[in-house]
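# Here you go, sequence then predicted model.
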Amino acid sequence: MNIGEIAKLAGVSRSTVSYVLSGKRQVSPELHERITRVIEESGYRPNATARALAEGSTRTIGLVIPPTGPHLSVDQLHFVGAVAEAAAERDYDVLLSPSGPERFDRMITERRVDGVILMETLLRDARVTGLIEQGFPFVTIGRTGADDAHGWVDLDYAGLVTEGVRRMHALGHKNIALVNRPQELLDHEYGPAFRAADAFEKATVELAGLAVCCDDSDDAAAGCLASILAQAPDTTAILTINERSLAGLIAALSAAGKDIPADMSVLAITSVRNATALRPQISAADVPAAAMGEAAVDALLHRINSAAAPAPNVLLTPEFVDRGSIAAPRA
């Protein structure tokens, strides 16, 4: 079954069938219904390669997975799934690619995709610079700034950290610690870690604030907590953006005889799955993976279809959900 046969069965020209399939031109409601009915009854599916040649489009977007660890976390996989689902709903496929320069360059130079979503970008990222120079459509996750010549979608880590400190200070905490992502990421100016550290420093200028970096593992959390208690033994509240070490941090607090929230309040920026799987459950700003994935796809398609339009910027600020892990410090 091809377009010619569809046209013959519907009693119309090939071009009219093409207009219905592509949506490039309007046809009468009667013709549209007749052609659509023939397509459905025949089980016709457009040839993706032929359509790509005709439209100059692959109907595929690239998702470049992050270089920030040896494997994706469960929460990152949820984001990948959200991107794939949102793309499918818009009749696009997703090509998943590691961040290695050779594979990334091949995906762009060979035009295997119409645009790309870059996960977990750095403030100074060679991939971003290259894509801007080439004029290739893309959006980033982990990078903000109204002056950027590209679209981006991200969490408002600066605002969330500031709000987290404000909430704990309002409860009476004056000695607060931040558990950030690994030192290597901070050194390379990985967006969320950099913005979180900067916001925490500003939010605790009149408090006793200690920021520590923690590797992305539960095993590293015990050493991280030990460092906090050694450097600032009066700490009564911890704010963490490191979801990969959160379970280890809770276990380390328990091993140290620290009750949550009586001895130590804990507030996090993490997924609802992560926050509610722990005992006790953790009060957190729940990372909306589904909303981020959908927003990233829509922002990229906007760039693909409207290159001259302003770059779409989406900053998500989820509300903190109180699950009982923060309270006023002991007198």
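Okay, I see it.
# care to break the chain down by domain?
3-46, 60-155+289-316, 157-288 (automatic domain parsing).
# what's the closest of the ones you listed to Ala327?
Ranking these by their distance to Ala327 (criterion: C-beta to C-beta) puts domain 157-288 first, at 3.9 Å. Where C-beta positions appear, they are placed from N, C-alpha and C, glycine not excepted.
# Show the end-to-end separation of the closest one, please.
Start-to-end span of domain 157-288 (C-alpha to C-alpha, to the nearest Å) is 13 Å.
# okay, and for this protein, where does confidence drop off?
24, 46-56, 66-70, 99-101, 145-149 (pLDDT under 70).
# can you give me the strands for it?
For the chain, applying DSSP state E gives strands covering 60-64, 93-97, 115-118, 138-141, 151-155, 175-180, 208-213, 237-240, 265-270, 283-286, 313-316, 320-321.
# Take those and lay them out in a markdown table including distance to Ala126.
Compiled in a markdown table, the strands of the chain are given as follows (distance: least, C-beta to C-beta, whole Å):
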| stretch | distance to Ala126 |
| --- | --- |
| strand 60-64 | 12 |
| strand 93-97 | 16 |
| strand 115-118 | 11 |
| strand 138-141 | 13 |
| strand 151-155 | 17 |
| strand 175-180 | 24 |
| strand 208-213 | 23 |
| strand 237-240 | 30 |
| strand 265-270 | 27 |
| strand 283-286 | 31 |
| strand 313-316 | 22 |
| strand 320-321 | 35 |
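# Just tell me which of those ends up closest to Glu85.
The closest of these to Glu85 is strand 93-97. By C-beta to C-beta, the value is 9.4 Å.
# Show me which positions of that closest one end up buried.
Val94, Ser97 (16 or more other C-beta atoms under 10 Å).
# partner strands of that strand, parallel or antiparallel?
Using DSSP bridges, the strands paired with strand 93-97 are strand 60-64 (parallel).
# picking up where we left off before, let me have the domains of the chain in JSON lines, extended by distance to Ile326.
Shown next, in JSON lines, are the domains of the chain (distance: least, C-beta to C-beta, whole Å):
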{"stretch": "domain 3-46", "distance to Ile326": "52"}
{"stretch": "domain 60-155+289-316", "distance to Ile326": "20"}
{"stretch": "domain 157-288", "distance to Ile326": "4"}
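# Tell me which of those domains lies nearest to Arg330.
domain 157-288 (6.7 Å).
# Check the offset of the closest one from the chain's centre.
Relative to the chain's own centre, domain 157-288 is displaced by 20 Å; criterion: C-alpha atoms, centre = their mean, to the nearest Å.
# show me what contacts the residue nearest to Asp75 when sequence neighbours are not counted?
Spatial nearest neighbour of Asp75, excluding adjacent residues (C-beta to C-beta, 6 or more residues apart in numbering): Ser271 at 4.6 Å. Shown in contact with Ser271 (C-beta atoms under 8 Å, 6 or more residues apart in numbering): Asp75, His78, Glu243, Asp286, Val287, Ala289.
# most neighbours, which of those residues?
Within the contacts of Ser271, neighbour counts (other C-beta atoms under 10 Å) peak at Val287, which reaches 24 neighbours.
# can you give me phi and psi for the nearest residue to that one once chain neighbours are set aside?
Beyond its immediate neighbours in the sequence, the residue positioned closest to Val287 (C-beta to C-beta, 6+ apart) is Ser271, lying 4.9 Å away. With angles defined as degrees, to the nearest 10, Ser271 sits at phi -80, psi 160.
# thinking again about what came up before, which one of the strands of the chain lies nearest to Arg106?
Of all those, strand 93-97 comes closest under C-beta to C-beta, at 8.8 Å.
# and the end-to-end length of stretch 22-36?
The straight-line separation of the ends of stretch 22-36 (C-alpha to C-alpha) is 12 Å.
# Would you mind pulling the contact partners of it?
Ile6, Ala10, Gly11, Val12, Thr16, Val17, Ser18, Tyr19, Val20, Glu55.
# again, 6 Å this time
For stretch 22-36, contacts defined as C-beta atoms under 6 Å, 6 or more residues apart in numbering pick out Ala10, Thr16, Val17, Tyr19, Val20.
# Ranking by neighbours, what's the top pick from these?
The most crowded member of those, judged by other C-beta under 10 Å, is Val17 (25 neighbours).
# looking at the domains of the chain, which is buried most?
domain 157-288 (a mean of 19; mean count of other C-beta atoms under 10 Å).
# re the thing from before, biggest separation within the contacts of stretch 22-36, which pair?
Spatially, the most separated pair among those is Ala10 and Tyr19, at 12.1 Å (C-beta to C-beta).
# Which of the strands of the chain sits closest to Ala307?
Nearest to Ala307, of those and by C-beta to C-beta, is strand 115-118 at 10.0 Å.
# which secondary structure elements does the closest one contact?
Helices and strands touching strand 115-118, by 3 or more C-beta pairs under 6 Å, 6 or more residues apart in numbering; DSSP states H and E, are strand 60-64, strand 138-141, helix 289-305.
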